[in-house]
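[1] sharing a model that was predicted from the sequence below.
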Amino acid sequence: MLDIKLIRKDPEAAKTALARRGDTSAIDKLLLLDAERRNIITQLEQNRMVKNAYSKKIAEQIREGLLKEAQLPEKEAIQAISQKIEAQEKEVEELNAQLDSLVLTIPNMPHNTVQSGGSSKTNKIVKEYLAIKQFSFNPLPHWEIGEYLKILDFPTATLLSGSNFPLYKGQGAKLERALYSFMLDLHVKEHGYQEISPPYMVKRECMLGTGQLPKMEGDMYLCEEDDLFLVPTAEVPLVNMHRGQTLDERVLPLNYVAYTPCFRREAGSYGKDTRGLIRIHQFDKVEMVKFTRPESSYEALEQMLGQSEEVLKRLGLPYRVLELCAEEISFASSKTYDIEVWAPGIKQWMEVASISNCEDFQARRANIRCKKAAGKGTFFPHTLNGSAVALARTYLAILETYQNADGTVTLPDVLVPYMGGVKVLQ
RNA sequence: GGAGAGGUGGCAGAGCGGACGAAUGCGACGGAUUGCUAAUCCGUUGUACUGGUUUAUGCCGGUACCGAGGGUUCGAAUCCCUCCCUCUCCGCCA
(Lines give C-alpha, C1' and ligand atoms only; values in the text may rest on other atoms or scores of the structure.)
Protein backbone atom coordinates (compact mmCIF):
# COMPACT_ATOMS: atom_id res chain seq x y z
CA MET A 1 0.00 0.00 0.00
CA LEU A 2 1.34 3.37 -0.96
CA ASP A 3 1.51 6.30 1.42
CA ILE A 4 -1.38 8.61 0.61
CA LYS A 5 0.34 11.54 2.32
CA LEU A 6 3.34 11.15 0.09
CA ILE A 7 1.14 11.04 -2.98
CA ARG A 8 -0.78 14.08 -1.80
CA LYS A 9 2.44 15.97 -1.29
CA ASP A 10 3.96 15.13 -4.64
CA PRO A 11 1.50 13.48 -7.01
CA GLU A 12 3.76 13.89 -10.03
CA ALA A 13 6.58 11.94 -8.44
CA ALA A 14 4.22 9.07 -7.66
CA LYS A 15 2.89 9.07 -11.20
CA THR A 16 6.33 9.15 -12.74
CA ALA A 17 7.43 6.21 -10.63
CA LEU A 18 4.30 4.16 -11.30
CA ALA A 19 4.31 4.98 -14.99
CA ARG A 20 7.45 2.90 -15.24
CA ARG A 21 5.51 -0.24 -14.46
CA GLY A 22 2.08 0.53 -15.78
CA ASP A 23 -1.06 2.54 -15.49
CA THR A 24 -1.21 5.67 -13.31
CA SER A 25 -4.85 6.66 -13.68
CA ALA A 26 -5.61 5.42 -10.19
CA ILE A 27 -3.54 8.24 -8.69
CA ASP A 28 -5.79 11.06 -9.91
CA LYS A 29 -8.83 9.17 -8.77
CA LEU A 30 -7.20 8.58 -5.43
CA LEU A 31 -6.43 12.28 -4.94
CA LEU A 32 -9.95 13.27 -5.84
CA LEU A 33 -11.47 10.86 -3.34
CA ASP A 34 -8.94 11.89 -0.73
CA ALA A 35 -9.76 15.60 -1.06
CA GLU A 36 -13.47 14.90 -0.83
CA ARG A 37 -12.98 12.70 2.18
CA ARG A 38 -10.95 15.27 4.07
CA ASN A 39 -13.42 18.00 3.29
CA ILE A 40 -16.26 16.01 4.83
CA ILE A 41 -14.17 14.88 7.78
CA THR A 42 -13.44 18.49 8.68
CA GLN A 43 -17.12 19.34 8.77
CA LEU A 44 -18.01 16.16 10.58
CA GLU A 45 -15.47 16.72 13.30
CA GLN A 46 -16.62 20.26 13.85
CA ASN A 47 -20.16 19.05 14.34
CA ARG A 48 -19.02 16.42 16.77
CA MET A 49 -17.13 19.05 18.70
CA VAL A 50 -20.32 21.08 19.17
CA LYS A 51 -22.22 18.03 20.30
CA ASN A 52 -19.51 16.90 22.71
CA ALA A 53 -19.38 20.36 24.27
CA TYR A 54 -23.12 20.24 24.79
CA SER A 55 -23.00 16.87 26.51
CA LYS A 56 -20.19 18.00 28.70
CA LYS A 57 -22.11 21.08 29.77
CA ILE A 58 -25.14 18.97 30.68
CA ALA A 59 -22.99 16.63 32.73
CA GLU A 60 -21.51 19.56 34.65
CA GLN A 61 -24.88 21.14 35.34
CA ILE A 62 -26.34 17.88 36.60
CA ARG A 63 -23.36 17.41 38.88
CA GLU A 64 -23.76 20.89 40.32
CA GLY A 65 -27.44 20.32 40.79
CA LEU A 66 -28.43 23.05 38.34
CA LEU A 67 -30.25 20.60 36.13
CA LYS A 68 -32.26 17.44 36.57
CA GLU A 69 -31.73 14.36 34.45
CA ALA A 70 -34.97 14.79 32.60
CA GLN A 71 -34.46 18.41 31.58
CA LEU A 72 -32.75 18.98 28.28
CA PRO A 73 -32.45 22.51 26.92
CA GLU A 74 -32.00 23.12 23.18
CA LYS A 75 -32.96 19.56 22.41
CA GLU A 76 -34.05 20.26 18.84
CA ALA A 77 -30.82 21.99 17.89
CA ILE A 78 -28.68 19.16 19.13
CA GLN A 79 -30.83 16.59 17.43
CA ALA A 80 -30.42 18.41 14.15
CA ILE A 81 -26.65 18.25 14.56
CA SER A 82 -26.88 14.58 15.38
CA GLN A 83 -28.65 13.93 12.13
CA LYS A 84 -26.03 15.84 10.20
CA ILE A 85 -23.31 13.86 11.90
CA GLU A 86 -24.97 10.62 11.01
CA ALA A 87 -25.24 11.56 7.35
CA GLN A 88 -21.63 12.71 7.20
CA GLU A 89 -20.43 9.56 8.89
CA LYS A 90 -22.07 7.53 6.18
CA GLU A 91 -20.42 9.60 3.48
CA VAL A 92 -16.99 9.25 5.03
CA GLU A 93 -17.47 5.54 5.45
CA GLU A 94 -18.35 5.16 1.81
CA LEU A 95 -15.40 7.25 0.67
CA ASN A 96 -13.09 5.26 2.91
CA ALA A 97 -14.31 2.03 1.38
CA GLN A 98 -13.73 3.39 -2.10
CA LEU A 99 -10.28 4.66 -1.19
CA ASP A 100 -9.30 1.39 0.44
CA SER A 101 -10.32 -0.79 -2.43
CA LEU A 102 -8.61 1.55 -4.87
CA VAL A 103 -5.36 1.82 -2.97
CA LEU A 104 -5.14 -1.95 -2.57
CA THR A 105 -4.99 -2.35 -6.35
CA ILE A 106 -2.05 0.02 -6.84
CA PRO A 107 1.31 -1.73 -6.99
CA ASN A 108 4.47 -0.61 -5.27
CA MET A 109 6.68 2.02 -6.85
CA PRO A 110 9.89 0.71 -8.40
CA HIS A 111 13.13 1.82 -6.79
CA ASN A 112 15.01 4.43 -8.80
CA THR A 113 17.79 1.97 -9.66
CA VAL A 114 15.27 -0.32 -11.38
CA GLN A 115 15.27 -0.21 -15.17
CA SER A 116 12.08 1.07 -16.76
CA GLY A 117 10.14 -0.90 -19.28
CA GLY A 118 8.82 -4.36 -19.75
CA SER A 119 9.34 -7.81 -21.18
CA SER A 120 11.81 -10.29 -19.81
CA LYS A 121 14.39 -9.08 -22.37
CA THR A 122 14.83 -5.82 -20.45
CA ASN A 123 15.97 -7.66 -17.35
CA LYS A 124 19.64 -7.03 -16.76
CA ILE A 125 22.01 -9.93 -16.18
CA VAL A 126 24.14 -8.67 -13.33
CA LYS A 127 26.10 -11.77 -12.40
CA GLU A 128 27.03 -15.17 -13.81
CA TYR A 129 28.50 -18.01 -11.83
CA LEU A 130 30.25 -21.06 -13.34
CA ALA A 131 30.35 -21.85 -17.02
CA ILE A 132 27.58 -24.05 -18.38
CA LYS A 133 28.66 -27.65 -18.06
CA GLN A 134 29.63 -29.46 -21.26
CA PHE A 135 28.68 -33.10 -21.71
CA SER A 136 30.38 -35.85 -23.71
CA PHE A 137 26.93 -37.33 -24.26
CA ASN A 138 23.50 -35.90 -24.88
CA PRO A 139 22.14 -34.97 -21.41
CA LEU A 140 18.61 -36.24 -20.72
CA PRO A 141 15.73 -34.22 -19.35
CA HIS A 142 15.03 -34.89 -15.67
CA TRP A 143 11.76 -36.72 -16.28
CA GLU A 144 13.66 -39.39 -18.16
CA ILE A 145 16.35 -39.60 -15.50
CA GLY A 146 13.70 -39.72 -12.80
CA GLU A 147 11.80 -42.47 -14.51
CA TYR A 148 14.91 -44.56 -15.13
CA LEU A 149 16.04 -44.23 -11.50
CA LYS A 150 12.47 -44.77 -10.28
CA ILE A 151 12.61 -41.63 -8.13
CA LEU A 152 9.99 -39.53 -9.94
CA ASP A 153 6.54 -40.89 -10.68
CA PHE A 154 4.31 -38.43 -12.53
CA PRO A 155 1.62 -40.94 -13.58
CA THR A 156 0.90 -41.80 -9.96
CA ALA A 157 0.82 -38.13 -9.00
CA THR A 158 -1.71 -37.59 -11.77
CA LEU A 159 -3.75 -40.50 -10.49
CA LEU A 160 -3.88 -38.82 -7.09
CA SER A 161 -4.26 -35.15 -7.91
CA GLY A 162 -4.38 -34.55 -11.65
CA SER A 163 -1.72 -33.10 -13.88
CA ASN A 164 1.27 -31.09 -12.77
CA PHE A 165 1.73 -32.51 -9.33
CA PRO A 166 4.98 -34.23 -8.34
CA LEU A 167 5.52 -37.54 -6.64
CA TYR A 168 8.99 -38.36 -5.39
CA LYS A 169 9.88 -41.93 -4.48
CA GLY A 170 12.55 -43.69 -2.45
CA GLN A 171 15.93 -41.96 -2.78
CA GLY A 172 14.12 -39.31 -4.77
CA ALA A 173 11.89 -38.46 -1.84
CA LYS A 174 14.89 -38.46 0.41
CA LEU A 175 16.75 -36.11 -1.91
CA GLU A 176 13.91 -33.61 -1.57
CA ARG A 177 14.18 -33.82 2.20
CA ALA A 178 17.97 -33.61 2.04
CA LEU A 179 17.79 -30.46 -0.03
CA TYR A 180 15.58 -28.44 2.25
CA SER A 181 17.38 -29.68 5.33
CA PHE A 182 20.66 -28.53 3.83
CA MET A 183 19.20 -25.14 2.96
CA LEU A 184 17.62 -24.59 6.36
CA ASP A 185 20.82 -25.54 8.14
CA LEU A 186 22.84 -23.17 6.02
CA HIS A 187 20.59 -20.20 6.73
CA VAL A 188 20.15 -20.95 10.39
CA LYS A 189 23.73 -21.84 11.26
CA GLU A 190 25.63 -19.51 8.98
CA HIS A 191 23.31 -16.69 7.98
CA GLY A 192 21.65 -15.97 11.31
CA TYR A 193 18.01 -16.75 10.54
CA GLN A 194 15.47 -18.11 12.96
CA GLU A 195 13.75 -21.22 11.68
CA ILE A 196 9.97 -21.12 11.58
CA SER A 197 7.56 -23.85 10.68
CA PRO A 198 4.33 -21.97 9.99
CA PRO A 199 0.77 -23.02 9.13
CA TYR A 200 0.30 -23.86 5.47
CA MET A 201 -3.16 -22.33 5.41
CA VAL A 202 -3.72 -18.66 6.12
CA LYS A 203 -6.54 -16.18 6.48
CA ARG A 204 -7.63 -13.80 3.76
CA GLU A 205 -6.18 -10.86 5.70
CA CYS A 206 -2.74 -12.40 5.40
CA MET A 207 -3.03 -12.61 1.65
CA LEU A 208 -4.10 -8.97 1.51
CA GLY A 209 -1.27 -8.00 3.82
CA THR A 210 1.49 -9.34 1.61
CA GLY A 211 -0.23 -8.29 -1.61
CA GLN A 212 -1.31 -11.58 -3.20
CA LEU A 213 -4.88 -10.34 -2.90
CA PRO A 214 -6.92 -8.85 -4.39
CA LYS A 215 -5.08 -9.10 -7.68
CA MET A 216 -3.95 -12.74 -7.71
CA GLU A 217 -6.89 -14.52 -6.12
CA GLY A 218 -7.33 -16.73 -9.17
CA ASP A 219 -3.86 -18.15 -8.73
CA MET A 220 -4.45 -19.25 -5.16
CA TYR A 221 -6.02 -22.37 -3.72
CA LEU A 222 -8.89 -21.47 -1.44
CA CYS A 223 -10.65 -23.69 1.08
CA GLU A 224 -13.98 -21.97 0.80
CA GLU A 225 -15.71 -23.42 3.80
CA ASP A 226 -13.15 -21.83 6.11
CA ASP A 227 -12.02 -19.00 3.83
CA LEU A 228 -8.44 -20.17 4.20
CA PHE A 229 -5.82 -20.02 1.47
CA LEU A 230 -3.07 -22.55 0.89
CA VAL A 231 0.16 -20.61 1.08
CA PRO A 232 1.70 -19.81 -2.31
CA THR A 233 4.98 -19.03 -0.53
CA ALA A 234 6.19 -18.95 3.07
CA GLU A 235 6.56 -15.20 2.62
CA VAL A 236 2.85 -14.91 3.45
CA PRO A 237 2.89 -16.49 6.92
CA LEU A 238 6.34 -15.12 7.76
CA VAL A 239 5.51 -11.50 7.02
CA ASN A 240 2.09 -11.81 8.61
CA MET A 241 3.53 -13.14 11.85
CA HIS A 242 3.62 -9.50 12.91
CA ARG A 243 0.42 -8.31 11.25
CA GLY A 244 -1.25 -5.57 13.28
CA GLN A 245 1.64 -5.38 15.70
CA THR A 246 3.79 -2.52 16.87
CA LEU A 247 7.29 -3.86 17.33
CA ASP A 248 10.08 -2.40 19.37
CA GLU A 249 12.61 -0.91 16.96
CA ARG A 250 15.40 -2.66 18.79
CA VAL A 251 14.24 -6.12 17.70
CA LEU A 252 15.22 -5.21 14.13
CA PRO A 253 16.42 -6.76 11.96
CA LEU A 254 14.18 -9.82 12.26
CA ASN A 255 15.36 -12.73 10.16
CA TYR A 256 13.08 -15.65 9.55
CA VAL A 257 13.53 -18.71 7.39
CA ALA A 258 10.94 -21.39 6.75
CA TYR A 259 10.48 -24.47 4.70
CA THR A 260 6.93 -24.89 3.35
CA PRO A 261 5.25 -26.48 0.42
CA CYS A 262 3.94 -23.80 -1.95
CA PHE A 263 0.59 -24.16 -3.66
CA ARG A 264 -0.14 -22.41 -6.92
CA ARG A 265 -3.00 -22.94 -9.31
CA GLU A 266 -0.95 -21.50 -12.18
CA ALA A 267 -4.23 -20.66 -13.83
CA GLY A 268 -3.94 -20.22 -17.56
CA SER A 269 -0.36 -21.40 -17.78
CA TYR A 270 -1.03 -24.82 -19.26
CA GLY A 271 0.88 -25.72 -22.36
CA LYS A 272 3.99 -23.77 -21.56
CA ASP A 273 6.90 -25.29 -19.70
CA THR A 274 4.67 -27.78 -18.00
CA ARG A 275 6.61 -30.99 -18.36
CA GLY A 276 8.19 -32.69 -15.43
CA LEU A 277 9.05 -30.52 -12.46
CA ILE A 278 9.23 -27.22 -14.33
CA ARG A 279 5.88 -25.80 -13.37
CA ILE A 280 3.84 -27.68 -10.80
CA HIS A 281 0.96 -26.90 -8.46
CA GLN A 282 2.80 -27.92 -5.35
CA PHE A 283 6.48 -27.44 -4.75
CA ASP A 284 8.72 -27.10 -1.74
CA LYS A 285 10.60 -23.94 -0.99
CA VAL A 286 12.84 -22.51 1.66
CA GLU A 287 12.08 -18.84 2.05
CA MET A 288 13.80 -16.04 3.94
CA VAL A 289 12.02 -12.98 5.27
CA LYS A 290 13.61 -9.95 6.86
CA PHE A 291 12.18 -6.94 8.65
CA THR A 292 14.68 -4.09 8.63
CA ARG A 293 15.03 -0.41 9.36
CA PRO A 294 14.14 1.63 6.28
CA GLU A 295 17.64 3.00 5.92
CA SER A 296 19.29 -0.40 5.75
CA SER A 297 16.88 -2.36 3.58
CA TYR A 298 18.85 -2.13 0.34
CA GLU A 299 21.99 -3.27 2.07
CA ALA A 300 19.92 -6.18 3.41
CA LEU A 301 18.67 -6.94 -0.10
CA GLU A 302 22.20 -7.39 -1.41
CA GLN A 303 23.06 -9.53 1.58
CA MET A 304 20.01 -11.69 1.06
CA LEU A 305 20.87 -12.14 -2.60
CA GLY A 306 24.28 -13.41 -1.54
CA GLN A 307 22.66 -15.86 0.87
CA SER A 308 20.47 -17.30 -1.88
CA GLU A 309 23.46 -17.55 -4.19
CA GLU A 310 25.39 -19.39 -1.52
CA VAL A 311 22.93 -22.29 -1.75
CA LEU A 312 23.60 -22.70 -5.46
CA LYS A 313 27.34 -22.22 -5.07
CA ARG A 314 27.51 -25.05 -2.59
CA LEU A 315 25.43 -27.24 -4.84
CA GLY A 316 27.82 -26.37 -7.65
CA LEU A 317 25.09 -25.29 -10.04
CA PRO A 318 25.76 -22.67 -12.73
CA TYR A 319 23.46 -19.72 -12.30
CA ARG A 320 22.92 -16.15 -13.30
CA VAL A 321 21.42 -13.23 -11.45
CA LEU A 322 18.93 -10.92 -13.12
CA GLU A 323 17.92 -7.49 -11.98
CA LEU A 324 14.28 -7.26 -12.98
CA CYS A 325 12.90 -4.30 -14.87
CA ALA A 326 10.00 -2.23 -13.60
CA GLU A 327 7.22 -4.15 -15.31
CA GLU A 328 8.52 -7.55 -14.26
CA ILE A 329 8.83 -7.03 -10.51
CA SER A 330 6.03 -8.40 -8.40
CA PHE A 331 3.11 -6.31 -7.15
CA ALA A 332 4.51 -5.57 -3.70
CA SER A 333 8.15 -5.18 -4.67
CA SER A 334 10.30 -2.12 -5.23
CA LYS A 335 13.28 -4.02 -6.47
CA THR A 336 13.77 -7.67 -7.32
CA TYR A 337 16.61 -9.97 -8.25
CA ASP A 338 15.89 -13.33 -9.82
CA ILE A 339 18.32 -16.20 -9.82
CA GLU A 340 18.17 -18.70 -12.65
CA VAL A 341 19.96 -22.01 -12.80
CA TRP A 342 20.94 -23.80 -15.97
CA ALA A 343 19.23 -27.10 -16.63
CA PRO A 344 21.31 -28.89 -19.27
CA GLY A 345 18.77 -31.62 -20.02
CA ILE A 346 15.98 -29.28 -21.03
CA LYS A 347 18.52 -26.63 -22.06
CA GLN A 348 16.85 -23.78 -20.22
CA TRP A 349 17.56 -21.16 -17.61
CA MET A 350 15.07 -21.64 -14.82
CA GLU A 351 14.06 -19.22 -12.10
CA VAL A 352 14.76 -20.78 -8.70
CA ALA A 353 14.85 -17.70 -6.54
CA SER A 354 13.35 -14.26 -6.35
CA ILE A 355 14.71 -11.77 -3.85
CA SER A 356 12.71 -8.61 -3.28
CA ASN A 357 12.68 -5.49 -1.20
CA CYS A 358 9.09 -4.44 -0.62
CA GLU A 359 10.15 -1.37 1.35
CA ASP A 360 7.21 -0.31 3.53
CA PHE A 361 4.53 -1.48 1.09
CA GLN A 362 3.66 -4.71 2.92
CA ALA A 363 4.18 -3.18 6.35
CA ARG A 364 1.55 -0.57 5.54
CA ARG A 365 -0.89 -3.13 4.20
CA ALA A 366 -0.38 -5.50 7.09
CA ASN A 367 -0.18 -2.62 9.55
CA ILE A 368 3.17 -3.64 10.98
CA ARG A 369 4.87 -0.76 12.71
CA CYS A 370 7.89 -0.14 14.86
CA LYS A 371 8.09 2.03 17.89
CA LYS A 372 11.10 4.27 17.88
CA ALA A 373 13.67 3.46 20.53
CA ALA A 374 14.39 7.13 21.13
CA GLY A 375 11.66 9.71 21.18
CA LYS A 376 8.04 9.41 20.21
CA GLY A 377 6.39 7.93 17.22
CA THR A 378 6.40 4.92 15.00
CA PHE A 379 7.59 3.99 11.54
CA PHE A 380 6.94 1.21 9.08
CA PRO A 381 9.75 -1.31 8.83
CA HIS A 382 10.85 -2.53 5.43
CA THR A 383 10.14 -6.13 4.52
CA LEU A 384 12.26 -8.30 2.26
CA ASN A 385 11.70 -11.79 1.03
CA GLY A 386 13.92 -14.16 -0.82
CA SER A 387 13.78 -17.75 -1.97
CA ALA A 388 16.61 -19.79 -0.62
CA VAL A 389 15.71 -21.59 -2.76
CA ALA A 390 12.75 -23.16 -4.58
CA LEU A 391 13.16 -26.92 -4.59
CA ALA A 392 11.56 -28.57 -7.60
CA ARG A 393 13.59 -26.69 -10.17
CA THR A 394 16.78 -26.92 -8.16
CA TYR A 395 16.09 -30.62 -7.86
CA LEU A 396 15.71 -31.06 -11.59
CA ALA A 397 18.82 -28.99 -12.23
CA ILE A 398 20.76 -31.31 -9.93
CA LEU A 399 19.51 -34.41 -11.75
CA GLU A 400 20.34 -32.95 -15.14
CA THR A 401 23.66 -31.37 -14.20
CA TYR A 402 25.06 -34.33 -12.31
CA GLN A 403 23.80 -37.11 -14.57
CA ASN A 404 26.30 -39.63 -15.87
CA ALA A 405 26.38 -41.41 -19.21
CA ASP A 406 25.14 -44.63 -17.58
CA GLY A 407 21.99 -42.96 -16.25
CA THR A 408 23.17 -42.60 -12.66
CA VAL A 409 23.44 -39.26 -10.84
CA THR A 410 26.44 -38.31 -8.71
CA LEU A 411 25.23 -36.05 -5.91
CA PRO A 412 27.04 -32.85 -4.89
CA ASP A 413 29.20 -33.35 -1.80
CA VAL A 414 27.17 -31.09 0.47
CA LEU A 415 24.16 -33.37 0.12
CA VAL A 416 25.91 -36.63 0.91
CA PRO A 417 25.63 -36.30 4.72
CA TYR A 418 21.94 -35.48 4.31
CA MET A 419 21.51 -38.58 2.14
CA GLY A 420 22.86 -40.87 4.79
CA GLY A 421 26.15 -41.23 2.95
CA VAL A 422 24.66 -42.04 -0.44
CA LYS A 423 26.85 -40.46 -3.14
CA VAL A 424 25.26 -41.77 -6.29
CA LEU A 425 21.63 -42.28 -7.23
CA GLN A 426 21.40 -45.53 -9.17
C1' G B 1 -19.46 -30.80 17.69
C1' G B 2 -21.32 -29.71 23.25
C1' A B 3 -20.69 -26.68 27.90
C1' G B 4 -18.47 -22.65 30.41
C1' A B 5 -15.11 -18.26 31.06
C1' G B 6 -13.10 -14.09 28.98
C1' G B 7 -11.34 -10.10 25.36
C1' U B 8 -9.41 -2.72 28.51
C1' G B 9 -2.86 1.05 27.00
C1' G B 10 4.12 -2.36 25.84
C1' C B 11 2.48 -6.12 29.74
C1' A B 12 -0.52 -7.26 34.20
C1' G B 13 -5.06 -5.46 35.94
C1' A B 14 -9.25 -2.02 38.01
C1' G B 15 -13.44 0.55 36.26
C1' C B 16 -19.65 -1.58 34.92
C1' G B 17 -24.02 5.46 32.24
C1' G B 18 -21.52 11.89 32.90
C1' A B 19 -15.18 14.64 36.15
C1' C B 20 -12.51 8.13 31.78
C1' G B 21 -7.77 8.22 26.97
C1' A B 22 -9.04 5.43 31.24
C1' A B 23 -6.92 3.93 38.61
C1' U B 24 -2.93 0.95 40.26
C1' G B 25 1.35 -2.07 39.48
C1' C B 26 5.30 -3.54 36.19
C1' G B 27 8.18 -2.03 32.19
C1' A B 28 10.37 2.02 29.27
C1' C B 29 12.31 7.10 29.03
C1' G B 30 14.25 11.80 31.48
C1' G B 31 16.19 13.76 36.10
C1' A B 32 17.92 13.70 41.41
C1' U B 33 20.59 11.01 44.95
C1' U B 34 23.72 7.04 46.66
C1' G B 35 30.33 4.28 45.43
C1' C B 36 29.40 -0.46 44.46
C1' U B 37 26.56 -5.50 40.13
C1' A B 38 21.31 -2.46 43.00
C1' A B 39 18.03 0.59 45.91
C1' U B 40 15.19 5.15 46.70
C1' C B 41 12.71 9.61 45.14
C1' C B 42 10.58 13.10 41.34
C1' G B 43 8.73 13.68 36.44
C1' U B 44 7.27 11.74 31.54
C1' U B 45 5.02 7.73 28.87
C1' G B 46 -0.54 5.19 23.39
C1' U B 47 -2.09 5.22 18.30
C1' A B 48 -4.61 6.85 14.01
C1' C B 49 -7.06 10.55 11.39
C1' U B 50 -7.72 15.72 10.71
C1' G B 51 -7.45 21.60 10.80
C1' G B 52 -3.96 25.54 11.51
C1' U B 53 1.14 26.91 11.60
C1' U B 54 6.34 26.12 10.46
C1' U B 55 11.91 24.89 6.18
C1' A B 56 11.09 20.98 9.67
C1' U B 57 11.43 15.68 13.24
C1' G B 58 8.05 20.39 15.68
C1' C B 59 4.09 23.35 17.91
C1' C B 60 -1.21 24.66 18.88
C1' G B 61 -6.26 22.74 18.21
C1' G B 62 -10.03 18.98 17.05
C1' U B 63 -12.00 13.94 16.27
C1' A B 64 -11.84 8.80 16.91
C1' C B 65 -10.12 4.40 19.29
C1' C B 66 -11.38 -0.11 25.91
C1' G B 67 -12.03 -7.39 20.26
C1' A B 68 -15.38 -5.93 15.54
C1' G B 69 -20.07 -4.12 13.89
C1' G B 70 -24.88 -2.24 15.09
C1' G B 71 -28.65 -0.27 18.83
C1' U B 72 -30.51 2.75 23.24
C1' U B 73 -29.10 7.88 25.20
C1' C B 74 -27.96 14.84 25.12
C1' G B 75 -23.90 11.42 26.81
C1' A B 76 -21.47 4.31 26.46
C1' A B 77 -15.24 0.98 28.30
C1' U B 78 -19.83 0.68 31.24
C1' C B 79 -26.69 -1.12 29.14
C1' C B 80 -28.87 -4.21 24.71
C1' C B 81 -28.18 -7.18 20.03
C1' U B 82 -25.03 -9.66 16.30
C1' C B 83 -20.40 -11.46 14.95
C1' C B 84 -15.20 -12.68 15.64
C1' C B 85 -11.24 -14.36 18.56
C1' U B 86 -8.82 -16.61 22.89
C1' C B 87 -8.85 -19.91 27.07
C1' U B 88 -10.81 -24.20 30.10
C1' C B 89 -13.60 -28.77 30.30
C1' C B 90 -16.15 -32.77 27.50
C1' G B 91 -16.62 -35.42 22.77
C1' C B 92 -14.08 -36.84 18.17
C1' C B 93 -9.31 -37.51 16.14
C1' A B 94 -3.28 -37.96 14.05
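    The structure has been received and is ready for your questions.

[2] can you pull the residues of chain A lying near RNA strand B?
    Contact residues, chain A versus RNA strand B (C-beta under 7 Å from any atom of the strand): A:4-5, A:34, A:37-38, A:41-42, A:45-46, A:48-49, A:51-55, A:58-59, A:62-63, A:69, A:72, A:75, A:78-79, A:82, A:93, A:246, A:369, A:371, A:375-378. Just so you know, the C-beta spots here come from the backbone N, C-alpha and C atoms, and that holds for glycine as well.

[3] would you point out the helix or strand in chain A whose mean pLDDT is lowest?
    Each helix and strand of chain A was given a mean pLDDT (mean pLDDT, DSSP states H and E); the minimum falls on strand A:246-248 at a mean of 82.

[4] what about A:Met350, is that helix, strand or coil?
    strand (DSSP: H, G, I helix; E, B strand; the rest coil).

[5] and the residues of chain A next to RNA strand B, which are buried?
    Buried members of these, counted by 16 or more other C-beta atoms under 10 Å: A:Ile4, A:Asp34, A:Arg37, A:Ile41, A:Arg48, A:Lys51, A:Tyr54, A:Ile58, A:Ile78, A:Arg369.

[6] so the first one makes contact with A:Leu33?
    No - between A:Ile4 and A:Leu33 there is no contact, the gap being 9.8 Å when judged by C-beta atoms under 8 Å.

[7] which neighbours do those two have in common?
    Common contact partners of A:Ile4 and A:Leu33 (C-beta atoms under 8 Å, 6 or more residues apart in numbering): A:Leu99.

[8] now do the same for the residue nearest to A:Leu99 when sequence neighbours are not counted: its pLDDT.
    Distances taken as C-beta to C-beta, 6 or more residues apart in numbering place A:Leu33 nearest to A:Leu99, at 5.1 Å, with adjacent residues excluded. Predicted confidence (pLDDT) for A:Leu33: 92.

[9] wait, A:Leu33 touches A:Leu102, no?
    Yes - between A:Leu33 and A:Leu102 a contact is recorded at 7.0 Å, counting by C-beta under 8 Å.

[10] dump the buried ones among the residues of chain A next to RNA strand B to TSV, plus secondary structure.
    Output for these, formatted as TSV (three-state DSSP):
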residue	secondary structure
A:Ile4	helix
A:Asp34	helix
A:Arg37	helix
A:Ile41	helix
A:Arg48	helix
A:Lys51	helix
A:Tyr54	helix
A:Ile58	helix
A:Ile78	helix
A:Arg369	strand
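
[11] next one: stretch A:4-16 to chain centre, how far?
    Relative to the centre of its chain, stretch A:4-16 is centred 24 Å away, using C-alpha atoms, centre = their mean, to the nearest Å.

[12] I'd like the average pLDDT over that stretch.
    Here the average pLDDT along stretch A:4-16 is 89.

[13] wait, isn't A:Lys290 in contact with A:Glu302?
    No - using C-beta under 8 Å, A:Lys290 makes no contact with A:Glu302, being 11.9 Å away.

[14] neighbour-wise, which of those two wins?
    Neighbour tally, A:Lys290 and A:Glu302, criterion other C-beta atoms under 10 Å: the higher count belongs to A:Lys290, 26 against 12.

[15] does the closest residue to that one other than its chain neighbours sit in a helix, a strand or a coil?
    In space, and not counting its chain neighbours, A:Lys290 is closest to A:Leu384: 4.4 Å by C-beta to C-beta, 6+ apart. Three-state assignment for A:Leu384 (three-state DSSP): strand.

[16] can you tell me the SS state at A:Ile81?
    A:Ile81 ends up helix, using three-state DSSP.

[17] no, scratch that, I was asking about A:Gln303
    Once three-state DSSP is applied, A:Gln303 turns out helix.

[18] how much space separates it from RNA strand B?
    Computed with C-beta to the nearest atom of the strand, to the nearest Å, the distance linking A:Gln303 and RNA strand B is 28 Å.

[19] distance check, that residue against A:Val352.
    Distance of A:Gln303 to A:Val352, computed by C-beta to C-beta, to the nearest Å: 19 Å.

[20] before we move on, back to that, the residue nearest to A:Leu99: neighbour count?
    The tally of other residues near A:Leu33 (other C-beta under 10 Å) stands at 17.

[21] show me what contacts it?
    Applying C-beta under 8 Å, 6+ apart, we find A:Leu33 in contact with A:Leu95, A:Gln98, A:Leu99, A:Leu102.

[22] measure A:Leu95 to A:Arg38 for me?
    With distances taken as C-beta to C-beta, A:Leu95 is found 9 Å from A:Arg38.

[23] please apply the same query to A:Leu44.
    Counting by C-beta to C-beta, the gap from A:Leu44 to A:Arg38 is 10 Å.

[24] separation between A:Met1 and RNA strand B?
    For A:Met1, the distance to RNA strand B - C-beta to the nearest atom of the strand - is 11 Å.

[25] isn't that residue up against A:Asn367?
    No - with contacts counted by C-beta under 8 Å, A:Met1 stays clear of A:Asn367, the gap being 9.3 Å.

[26] those two: who's more crowded?
    Using other C-beta under 10 Å, the more surrounded residue of A:Met1 and A:Asn367 is A:Met1, with 21 against 15.

[27] whatever residue of the stretch 201-350 of chain A ends up closest to RNA strand B bridge partners, please.
    Distances between the stretch 201-350 of chain A and RNA strand B by C-beta to the nearest atom of the strand are smallest at A:Thr246, namely 5.6 Å. Beta-bridge partners recorded for A:Thr246 (DSSP bridges): A:Arg369.
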